[in-house]
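J.: pasting the sequence and the predicted coordinates here, then a few questions.
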Amino acid sequence: MAELRGYRKVATGVHPPYFCPAYVSSVKRAPMHPLIVVPQTLSELTGPVFGHSDIEDKDADLTKQGPGEPQGQRIIVSGRVLDEDARPVRNALIEVWQANAAGRYLHKEDQHEAPLDPNFTGCGRALTDERGRYRFVTIKPGAYPWKNHPNAWRPMHIHFSLFGAGLLTRLVTQMYFPGDPLLAFDPIFQSIPDEAGRARLISAFDWETTIPEQALGYKFDVVLRGRDATPMEK
Amino acid sequence: MTLPVTGSQTVGPFFRIGMAPLFREDLASEGVAGERITIHGRVLDGDGKAIPDATIEIWQADAHGKHTDGKEENVNFTGFGRVPTDERGEFRFTTIKPGVVRGPGSSAQAPHLVVTLFMRGLLRHLWARIYFEDEPGNEHDAILQLVPAERRHTLIAKRDGAGGAAFEWNIHMQGENETVFFEV
């Protein structure tokens, strides 16, 4: 191998801490020992490769998975996946999952008394193109109650899982919606220490991708960890 | 221009909806060269209670210590797996034992799998490795040597019974046997 290019260190404040008492589930699940810092080796600099054989075009349209149209506000969620140098990440696999318009997930553990929608599974997948672009058609998810604290409600969100060029770019996050009053009270969203970092998880309403008479557009760009400028070793 | 990295958020309790299409509990089909092994274990919280809503992802080299680059000659072994825990907090997957991978400063890394761990309650995923007991290379593995000696056992899978091809490796989020997690 001619050279190995490592990934940049992740700045503090970008990601939430593991132990975050306001998010009750973290209390018994966060490791108590500090993480052990280790060098990046071939085992982390490589990573799984996904392609068009792993997904189908229809996986990106969550409104076409049942016999009819799902209930709710139809939306287009699109954006770009970039690295820290603003270079597009091509062939990134994006997996999304979300609640339906009533705030109910198609999952046996979701006991929220809101109706399931026979035309909505809430599961979508897509690969980014040559310019790092992706696009999903879906419906706006509802907010829903959870048991974290009395009268706790999760803001509207879509879960995003991304595989970039190497294992170290792996990211799972959540996309939120502008103007949602629940954001200020959500311990998961608020776990991101830095205000600008929180703002980056909120999608932007977008006229460009809004389709007349049909669907509202929301833009959400994701930035994955980028490569170091200098090779680690020869 | 430098862009700030997007922050991590938990997978939450309902990740199966989106992550199930890539669940892969058998990483190696019949034709893949190497010693076939099974690795199983439990994921436990700080009270020793089973965690039924975790998923682990596995990334590993083949029996020759090579990671696939996604090109056609390697398609029968992708090196990637994703396994959720069940209601008892248990996971199980089948693969082939990886070979020796080149490490820092052209040292040799002992056979290992890289594990990323996701669950409700984890706001950011965790990194760990699975090594194998009775591997002489463990003594010289550059990554294992960075782990305090008394905690190394948390990264080493133990053989089930004598000479079998089944290994046990448990994940303890907290407590006396808290698993070692890495910042990479």
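T.: The structure has been received and is ready for your questions.
J.: going forward, measure contacts and count neighbours with C-alpha atoms only.
T.: OK.
J.: how many other residues sit next to the residue nearest to A:Arg227 when sequence neighbours are not counted?
T.: Excluding the flanking residues, the one nearest A:Arg227 by C-alpha to C-alpha, 6 or more residues apart in numbering or on different chains is A:Tyr7, at 4.2 Å. A:Tyr7 has 21 neighbours, counted by other C-alpha atoms under 10 Å in any protein chain shown.
J.: in the sheet, who's paired with A:Arg74?
T.: A:Ile139 (DSSP bridges).
J.: residue contacts, it?
T.: By C-alpha atoms under 8 Å, 6 or more residues apart in numbering or on different chains, A:Arg74 lies in contact with A:Thr63, A:Val137, A:Thr138, A:Ile139, A:Lys140, A:Gln214, A:Ala215, A:Leu216.
J.: ok, and what's touching stretch B:170-184?
T.: Defining contact as C-alpha under 8 Å, 6+ apart, one finds that stretch B:170-184 is touched by A:28-33, A:35-40, A:168, B:40-46, B:48, B:126-128, B:147, B:151-152, B:154-155.
J.: mark which of those residues are buried, thanks.
T.: Neighbour counting with 16 or more other C-alpha atoms under 10 Å in any protein chain shown marks A:28-32, A:36, A:38, A:40, A:168, B:40-46, B:126-128, B:147, B:152, B:154-155 as buried within the contacts of stretch B:170-184.
J.: returning to what we had before: distance of the residue nearest to A:Arg227 relative to B:Asp45?
T.: 31 Å (C-alpha to C-alpha, to the nearest Å).
J.: on that earlier part again, which of the buried ones among the contacts of stretch B:170-184 fall within strands?
T.: A:Ile36, B:His40, B:Gly41, B:Arg42, B:Val43, B:Leu44, B:Leu126, B:Trp127, B:Ala128 (DSSP state E).
J.: farthest pair within those residues?
T.: A:Ile36 and B:His40 (24.2 Å; C-alpha to C-alpha).
J.: ok so, going back, the residue nearest to A:Arg227 reaches A:Leu224, doesn't it?
T.: No. Under the criterion of C-alpha atoms under 8 Å, A:Tyr7 makes no contact with A:Leu224, lying 10.3 Å away.
J.: which parts of chain B are strands?
T.: Under DSSP E, chain B gives strands at B:36-44, B:54-59, B:80-84, B:90-96, B:101-102, B:108-109, B:112-119, B:126-132, B:156-159, B:166-168, B:171-172, B:182-183.
J.: same question for chain A.
T.: Using DSSP E, strands in chain A cover A:36-37, A:74-83, A:93-98, A:123-127, A:133-139, A:144-146, A:152-154, A:157-163, A:171-176, A:204-211, A:215-219, A:222-224.
J.: turn those into CSV, including mean pLDDT.
T.: Conversion of those to CSV gives the following (pLDDT from 0 to 100):
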stretch, mean pLDDT
strand A:36-37, 98
strand A:74-83, 98
strand A:93-98, 98
strand A:123-127, 97
strand A:133-139, 98
strand A:144-146, 97
strand A:152-154, 98
strand A:157-163, 98
strand A:171-176, 98
strand A:204-211, 98
strand A:215-219, 98
strand A:222-224, 98
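J.: how about those, which one is nearest A:Glu195?
T.: Comparing the strands of chain A against A:Glu195 with C-alpha to C-alpha, the closest turns out to be strand A:171-176 (14.3 Å).
J.: contacting residues around the residue most central in space within chain A?
T.: The centroid of chain A falls nearest to A:Phe160 when counting by C-alpha atoms, centre = their mean (2.2 Å). Residues near A:Phe160 by C-alpha under 8 Å, 6+ apart: A:Ile94, A:Glu95, A:Val96, A:Trp97, A:Val172, A:Thr173, A:Gln174, A:Met175.
J.: which one of the residues you listed has the most neighbours?
T.: Counting neighbours by other C-alpha under 10 Å, A:Trp97 leads the contacts of A:Phe160 with 27 neighbours.
J.: contacts only, for the residue nearest to the spatial centre of chain B.
T.: Against the mean C-alpha coordinate of chain B, by C-alpha atoms, centre = their mean, the closest residue is B:Val115 at 3.0 Å. Contacts of B:Val115 were listed using C-alpha under 8 Å, 6+ apart, and they are B:Ile56, B:Glu57, B:Ile58, B:Trp59, B:Trp127, B:Ala128, B:Arg129, B:Ile130.
J.: could you redo these as JSON lines and give each row pLDDT?
T.: What follows is the contacts of B:Val115, written out as JSON lines (pLDDT from 0 to 100):
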{"residue": "B:Ile56", "pLDDT": "98"}
{"residue": "B:Glu57", "pLDDT": "98"}
{"residue": "B:Ile58", "pLDDT": "98"}
{"residue": "B:Trp59", "pLDDT": "98"}
{"residue": "B:Trp127", "pLDDT": "98"}
{"residue": "B:Ala128", "pLDDT": "98"}
{"residue": "B:Arg129", "pLDDT": "98"}
{"residue": "B:Ile130", "pLDDT": "98"}
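J.: between these, which is nearest B:Asp160?
T.: Nearest member of these to B:Asp160, counting by C-alpha to C-alpha, is B:Ile130, at 15.0 Å.
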